[in-house]
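1. Fold the stuff below for me.
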Amino acid sequence: MIMRFSRSIILIAIALCAIFGIQAASALQGNKPDQSKQQSNEATLSVRTHLVLVPVIVTDKRGGHVTGLKAEDFEVKEDGSAQKISRLDELTADAAKVQPSAGGPKTFSNGEVADHPKKLEIIALDQVNTPFASSGDGRRTLVEFLAKNVDANTLLALVTFQHNGPRIIHDFTSDPSVLIAAVKKVESSLNSRDSRALDTPGDNSQADLEALQITALLNGSDAGNVGTPAQLSALARAQRAQVDASRQSQEALITLENFQQLAQYFRGVPGRKSLIWASTGFPFSLGANPQATTRGSTNDDWQRTFQMLTDANIAVYPVDIGGLLPGASANTIQQTDSSLITSGNVAARSAQLGSMERGEYTDPTVGRHDTMRQVAEMTGGQPFYNSNDGAELFHRAGEDAGQYYVLAYYTKDTGKYGWRKLAVKVDRDGDKVRARSGFFFNDPKKEADPNTPLKDLKMALSSDLNFTSIPLRGEWQQIEPAGSQKKVHFTLSVPAGVASIDTEHENHISLEFLVVATDSKGKNIANISQRYDAKLPPEGLAQIQTQGVEYANALALAPNSSYTVHFVVRDNLRGTMGSVVAPLKVE
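-> Purely as a prediction, here's the structure:
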């Protein structure tokens with residue numbers, strides 16, 4: 001079995017020297033992990049997925065939360081089979097402010113002081129997928145709501161989705177005036193949909209003609225016979241559509257990573273979190289069948305995202321800030337029919353019919369809303385579209401984060417891997433139950449993706465957010481001359497009971513330490529990459545269980561400069577990460 005002892009969110013200083021033979025430092029680019037060892041490590045963790053925890057919301061006919069239920073009041077089914085509930089907890093969140101872990105001027109931490117579940121709403125303004133014109137409407141809606149409807153017992157966090165990752169605008173406040181001021185400062189940014197609106201297909205026939213003539217010459221074709229203006233316009237429209245599709249494919253992956261980074265950031269705050277995702281649409285299936293593989297992302301990308309949201313106990317509440325949106329217009333259908341009729345080429349007609357079968361002419365609003373619904377159901381949230389009742393949205397999300405149950409049961413390895421459906425009912429007339437619609441169960445014998453550790457580390461290094469799955473506390477130590485540079489010493493502590501220890505394989509422990517310093521322009525100036533991989537003797541096991549792990553090293557940096565230093569620790573056995581971003585000025 002894998003042993004993991006109880007942990008506290010409040011970080012404490014640990015004083016354990018790294019005496020177990022950590023290997024010498026090597027550059028990040030040259031330190032390639034042993035893939036076979038990594039795969040073996042992760043395979044030992046299969047047992048952790050056997051205990052299933054399901055947050056459950058129960059409301060009465062009027063929408064009020066129902067309290068006082070017992071385990072026998074619930075029924076939970078996995079893929080249609082009833083499961084025995086081993087434990088039921090009823091949780092009520094408090095609104096006590098979340099405080100950063102205390103420390104001195106030379107210390108840094110990714111921890112927050114919070115011992116009890118919080119009634120927390122995370123408001124995410126999506127600037128990756130929301131067109132520029134709609135962002136102002138979204139901000140006005142938020143300002144109006146926050147001025148009238150903020151619950152003094154609910155903590156609010158405001159973030160934005162950006163192309164370079166999420167940005168925390170404000171952390172944990174119940175003062176509406178603070179959030180209103182923050183919302184007004186949020187700047188909108190152009191995305192691919194804005195580019196399409198500003199770049200009308202076929203609006204410059206001469207430019208299109210010149211471009212096509214050059215292409216024809218390069219291909220050895222007749223440059224003087226490239227088509228009529230109408231044909232040029234159609235061709236230009238198709239070419240630009242391909243560019244737009246490519247941009248949206250990239251935005252799909254960007255959006256998923258925004259979710260992943262937020263999950264890593266808020267995981268350290270205990271309790272169920274409601275993430276209100278304010279957007280005008282989801283750029284994945286683009287109106288095609290929502291069950292199909294989405295463009296720009298794979299099933300693995302989706303699974304990775306939902307797993308992180310589940311581990312962080314985050315339920316997503318997608319809201320279409322456009323409110324009521326019209327369906328497909330008659331002009332769209334007429335243009336489609338006309339193009340099929342006037343196209344004389346059999347191959348062209350066949351391609352267009354195939355596009356219709358794939359759903360490419362389906363109203364994209366329907367596809368986006370279907371995707372919103374699926375994201376909400378898979379995480380236990382609730383979608384809000386075709387509705388302008390923002391007050392109800394915020395009220396519902398806040399209440400869900402403040403009062404809920406957690407069901408626990410043990411599942412079996414039936415040989416079915418991937419998505420397992422969940423259905424939860426309560427034996428009370430008129431009461432409604434909402435829980436996530438399922439979870440991923442991975443094949444314990446299947447080799448883990450050897451690229452996963454590298455993906456994790458890259459994401460942590462590129463993020464401005466602290467990842468809180470592993471609590472960390474660091475301290476800058478002495479600074480000493482080193483030629484033209486200065487050597488800055490530091491220690492990084494992992495509290496007792498946090499690191500995974502595989503007792504079935506000779507007390508195996510495997511931690512990855514990564515430290516990267518960048519200058520004001522984001523250039524990588526210095527880095528350290530080390531792995532602590534050992535089989536602990538009894539005395540070493542007892543020491544880590546009671547005192548934790550402390551990692552000590554030094555960075556060689558030029559003086560009279562300021563740096564941003566990313567500290568990342570990955571537990572290779574469990575696949576979890578902790579990170580902290582610390583400023584450093586070297587005199």
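
2. Surely Gly497 forms part of a strand?
-> No. Gly497: not assigned to a strand; according to DSSP: H, G, I helix; E, B strand; the rest coil it is coil.

3. which stretches of this structure have low pLDDT?
-> Within the chain, the stretches with pLDDT under 70 are 1-49, 95-104, 112-118, 131-153, 173-176, 183-249, 281-297, 322-367, 386-391, 447-448.

4. all helices for it, in order.
-> 35-43, 132-149, 176-185, 192-198, 205-218, 229-266, 299-311, 330-342, 346-357, 364-379, 390-402, 452-462, 538-547 (DSSP state H).

5. What separation do you get for Leu179 and Val269?
-> 18 Å (Cβ to Cβ, to the nearest Å). Just so you know, the C-beta spots here come from the backbone N, C-alpha and C atoms, and that holds for glycine as well.

6. Quick check: Asn527 vs Pro105, distance?
-> Distance from Asn527 to Pro105, by Cβ to Cβ: 24 Å.

7. now Leu91
-> Leu91 is 37 Å from Pro105, by Cβ to Cβ.

8. Pro318 now?
-> The gap separating Pro318 from Pro105 is 42 Å, by Cβ to Cβ.

9. Pull out the buried residues from stretch 54-64.
-> Val54, Pro55, Val56, Ile57, Val58, Thr59 (16 or more other Cβ atoms under 10 Å).

10. Run a quick neighbour tally on the closest residue to the last one other than its chain neighbours.
-> Looking back up the chat, that one is Thr59. Closest residue to Thr59 apart from its sequence neighbours, by Cβ to Cβ, 6 or more residues apart in numbering: Lys432 at 5.1 Å. Per other Cβ atoms under 10 Å, the neighbour tally for Lys432 reads 14.

11. Mind splitting the chain into its structural domains?
-> Split into domains by automatic domain parsing, the chain comes to 2-46+447-586, 328-362.

12. I'd guessed Asp94 sits against Leu120; true?
-> No. Counting by Cβ atoms under 8 Å, Asp94 stays clear of Leu120, with 10.5 Å between them.

13. So for these two, which sits in the more crowded spot?
-> With neighbours defined as other Cβ under 10 Å, Asp94 and Leu120 compare such that Leu120 has more, 27 against 15.

14. Find the nearest non-adjacent residue to Phe381, please.
-> That one is not Phe; residue 381 is Gly. In space, Gly381 is closest to Ala315, 3.9 Å off (Cβ to Cβ, 6+ apart).

15. Sorry, slip of the keys, the one I care about is Pro318.
-> In space, Pro318 is closest to Met372, 3.8 Å off (Cβ to Cβ, 6+ apart).

16. Compute the number of surrounding residues for that neighbour.
-> Applying other Cβ under 10 Å, we find 24 other residues in the vicinity of Met372.

17. Enumerate every residue touching it.
-> Residues in contact with Met372 (Cβ atoms under 8 Å, 6 or more residues apart in numbering) are Phe282, Pro318, Asp320, Pro383, Tyr385.

18. More neighbours: Asn527 and Pro105, which one.
-> Applying other Cβ under 10 Å to Asn527 and Pro105 shows that Asn527 carries more neighbours, namely 20 against 6.

19. Correct me if wrong: that one contacts Val516.
-> Yes. The criterion here is Cβ under 8 Å, and Asn527 meets it with Val516 at 4.5 Å.

20. circling back to that earlier point, could you dump the buried residues of stretch 54-64 to CSV with distance to Phe259?
-> Compiled in CSV, the buried residues of stretch 54-64 are given as follows (distance: Cβ to Cβ, whole Å):
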residue, distance to Phe259
Val54, 20
Pro55, 18
Val56, 22
Ile57, 21
Val58, 26
Thr59, 26
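
21. for the spatially closest residue to His369 that is not a sequence neighbour, what are its contacts?
-> With sequence-adjacent residues excluded and distances taken as Cβ to Cβ, 6+ apart, His369 is closest to Tyr385, at 5.1 Å. Counting by Cβ under 8 Å, 6+ apart, Tyr385 touches Pro318, Val319, Asp320, Leu325, His369, Met372.

22. Among those residues, give me the pair with the biggest separation.
-> Pro318 and Leu325 (13.7 Å; Cβ to Cβ).

23. between these two, which one's more packed in?
-> Neighbour count, other Cβ under 10 Å: between Pro318 and Leu325, Pro318 has more, with 27 against 15.

24. The residue nearest to Phe441 when sequence neighbours are not counted: neighbour count?
-> Leaving aside its sequence neighbours, Phe441 sits nearest to Arg420 (Cβ to Cβ, 6+ apart; 5.2 Å). Applying other Cβ under 10 Å, we find 16 residues neighbouring Arg420.
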